[in-house]
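In: no sequence on hand, only this structure:
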């Protein structure tokens, strides 16, 4: 790869202070509204495999200009939501909307045409906005239903060029961030029989996402869904159950690695059947 891996003299220093503030209002004994403002911080660091003869700050597929150091990134987040317990405690319902702004967003990327290990570099500013909710309901004394959903819009907010001399951005503003599905949701239900036997099932949906940030290697990874089921017996200090994970044997693309000579696709866990014992002491 032609990089100098022997240098031990490289150092990087980063520090910051982060703050958080929140307000809560109990509308009733069962409903609470809240709003939150907060900051997040990830320190900078050093790539273990880099080209020390070329200035820091550049990076990407097919380009040996990998900076040894990457800078810290800063997150500013806003959230507005509510939490509630309704119908005499038989329904718990929560929801929130959030806005997140990243400065100097850190992107980690494995590209074996450059380096045998994952490298991290800054790709500029980004944002992630969305909504989420979850609920748990007791339909009867023996039957519960719960679920959750989230919608995310995570994008770059400025053009990113791997080299200052590039005529066109390698990732233009508005590009969706990699491996972030826009939509995810799930439902689960459980029925407990009078003799403490139970049956439960769950459905999980993962929406499509992109595998990479850069256009030449960017592919859309399709959506997929997974169904799990189990049947068992629960006592005061132990639980025994037979389970099936991924009942329909769905093969979804978790990550398409298309930056090497051969495409490699990581899929979700295939159908798995097993027995589980839990002992409580």
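Out: Done, it's in. Keep in mind the model is a prediction, meaning the values are calculated, not measured. Residues are numbered from 1 along each chain as shown.

In: which residues touch residue 91?
Out: 85, 135, 136, 137, 138 (Cβ atoms under 8 Å, 6 or more residues apart in numbering). Heads up, the C-betas are built off the backbone N, CA and C, glycines and all.

In: surely the third one is in a strand?
Out: Right, the one you point to is residue 136. Yes: under DSSP: H, G, I helix; E, B strand; the rest coil, residue 136 sits within a strand.

In: from the contacts of residue 91, pick the one nearest residue 162.
Out: Taking Cβ to Cβ as the measure, residue 162 lies nearest residue 135 of these, at 44.2 Å.

In: could you check how far the closest one is from residue 225?
Out: Residue 135 sits 19 Å away from residue 225, taking Cβ to Cβ, to the nearest Å as the criterion.

In: quick check, nearest of the contacts of residue 91 to residue 202?
Out: residue 136 (13.1 Å).

In: reformat the contacts of residue 91 as a markdown table; add pLDDT, neighbour count and distance to residue 275.
Out: Listed next are these as a markdown table, based on pLDDT from 0 to 100; neighbours: other Cβ atoms under 10 Å; distance: Cβ to Cβ, whole Å:
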| residue | pLDDT | neighbour count | distance to residue 275 |
| --- | --- | --- | --- |
| 85 | 98 | 17 | 35 |
| 135 | 99 | 17 | 31 |
| 136 | 99 | 16 | 27 |
| 137 | 98 | 16 | 29 |
| 138 | 98 | 16 | 28 |
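
In: tell me the one among these nearest to residue 256.
Out: residue 135 (33.5 Å).

In: what does the pLDDT read for the nearest residue to the closest one once chain neighbours are set aside?
Out: Spatial nearest neighbour of residue 135, excluding adjacent residues (Cβ to Cβ, 6 or more residues apart in numbering): residue 93 at 4.8 Å. According to the prediction, residue 93 has pLDDT 99.

In: and the host helix or strand of residue 275, what does it pack against?
Out: Assigned by DSSP states H and E, residue 275 belongs to strand 272-279. Packing partners of strand 272-279 (3 or more Cβ pairs under 8 Å, 6 or more residues apart in numbering; DSSP states H and E): strand 238-245.

In: tell me where the stretch 101-250 of the chain has strands.
Out: Assigned by DSSP state E, counting those that start in this stretch, the strands in the stretch 101-250 of the chain fall at 106-109, 119-122, 126-138, 143-156, 183-192, 197-206, 209-210, 220-221, 224-234, 238-245.

In: pairing partners for the third one, with directions?
Out: To tie it back to what came earlier, the one meant is strand 126-138. strand 91-103 (antiparallel), strand 143-156 (antiparallel) (DSSP bridges).

In: next, work out how far apart the nearest residue to residue 202 once chain neighbours are set aside and residue 140 are.
Out: Closest residue to residue 202 apart from its sequence neighbours, by Cβ to Cβ, 6+ apart: residue 188 at 3.8 Å. According to Cβ to Cβ, residue 188 and residue 140 sit 16 Å apart.

In: before we move on, the earlier item: of all the strands of the stretch 101-250 of the chain, which one is nearest residue 10?
Out: The nearest among the strands of the stretch 101-250 of the chain, by Cβ to Cβ, is strand 119-122 at 14.1 Å.

In: that older thread, any idea which of the strands paired with strand 126-138 gets closest to residue 221?
Out: The nearest among the strands paired with strand 126-138, by Cβ to Cβ, is strand 143-156 at 14.5 Å.

In: can you give me how far the closest one is from the chain middle?
Out: 12 Å (Cα atoms, centre = their mean, to the nearest Å).

In: I'd like the numbering to begin with 19 instead of 1 from here.
Out: Will do, 19 is the new start, and the previous item becomes strand 161-174.

In: before I go, just wanted to say thanks for your time.
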